[in-house]
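1. the sequence isn't on hand, but the structure is:
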């Protein structure tokens, strides 16, 4: 089998993420209050902790900004990474806002929209997902269908049966198999400091 496409989720900076970060490609605007300056941007990846942006807006590390994300709303944030046209921001939000963001990301990853109205009016909501395959540690791809998805884990319909405890990958997002089901597997997503070392060849 062919190797899975690992471009589904690619963190733009480093490997210090503590929460899964999903590639999204959503339009937005970044505003720097102290300079009364704003620019359109593209939110290339998103988590409940922050976002990676493609933008021509330049500001020093530590600068307070306001980020508006289409379908997600407003986020107070701080610039924590900057390289050419790529900017990383850390959100300064309440626990309630973080939980709401988790719901919106789950909607977007699963159905292609964070808008609840669009989800309710869609006749294709049930069983649809942009996550159509995963890769084993050896790089082999296996088709799957997402039955249930949260930021902490997922239930997958698949004929593949990785061992319980095995790691699988959705792009750059890693998960561990925690349960076998009659029609598939259940997994929990892993922070990068939870990854197991690669298998010996």
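-> Cool, the structure landed. Quick caveat, the model's predicted, so the values are computed rather than measured.
2. what about residue 96, which SS state?
-> Here residue 96 is helix, with the state taken from DSSP: H, G, I helix; E, B strand; the rest coil.
3. with residue 58 instead?
-> Classification of residue 58 using three-state DSSP returns coil.
4. show me what contacts the nearest residue to it once chain neighbours are set aside?
-> Leaving aside its sequence neighbours, residue 58 sits nearest to residue 82 (C-beta to C-beta, 6 or more residues apart in numbering; 7.1 Å). Every C-beta, even on glycine, is put in place using the N, C-alpha and C of the backbone. The contact partners of residue 82, by C-beta atoms under 8 Å, 6 or more residues apart in numbering, come to 58, 59, 60, 61, 88.
5. give the next helix or strand downstream of the least confident helix or strand in the chain by mean pLDDT.
-> Lowest by mean pLDDT, DSSP states H and E among the helices and strands of the chain is helix 116-121, with a mean of 44. Using DSSP states H and E, the helix or strand that follows helix 116-121 in sequence is strand 133-136.
6. report the distance from that following strand to the chain centre.
-> 16 Å (C-alpha atoms, centre = their mean, to the nearest Å).
7. now stretch 134-141
-> Relative to its chain's centre, stretch 134-141 lies at 19 Å (C-alpha atoms, centre = their mean).
8. now the end-to-end length of it.
-> With C-alpha to C-alpha, to the nearest Å as the measure, stretch 134-141 spans 6 Å from end to end.
9. in that stretch, what's buried?
-> 134, 135, 136, 141 (16 or more other C-beta atoms under 10 Å).
10. likewise for stretch 149-166?
-> Neighbour-count burial for stretch 149-166 flags 149, 151, 153, 154, 155, 156, 157, 158, 160, 162, 166 (criterion: 16+ other C-beta under 10 Å).
11. which element is residue 93 on?
-> Counting by DSSP H and E, residue 93 is found in no helix or strand.
12. thinking it is in contact with residue 101, fair?
-> Yes - in this structure residue 93 lies within contact range of residue 101 using C-beta atoms under 8 Å: 7.3 Å.
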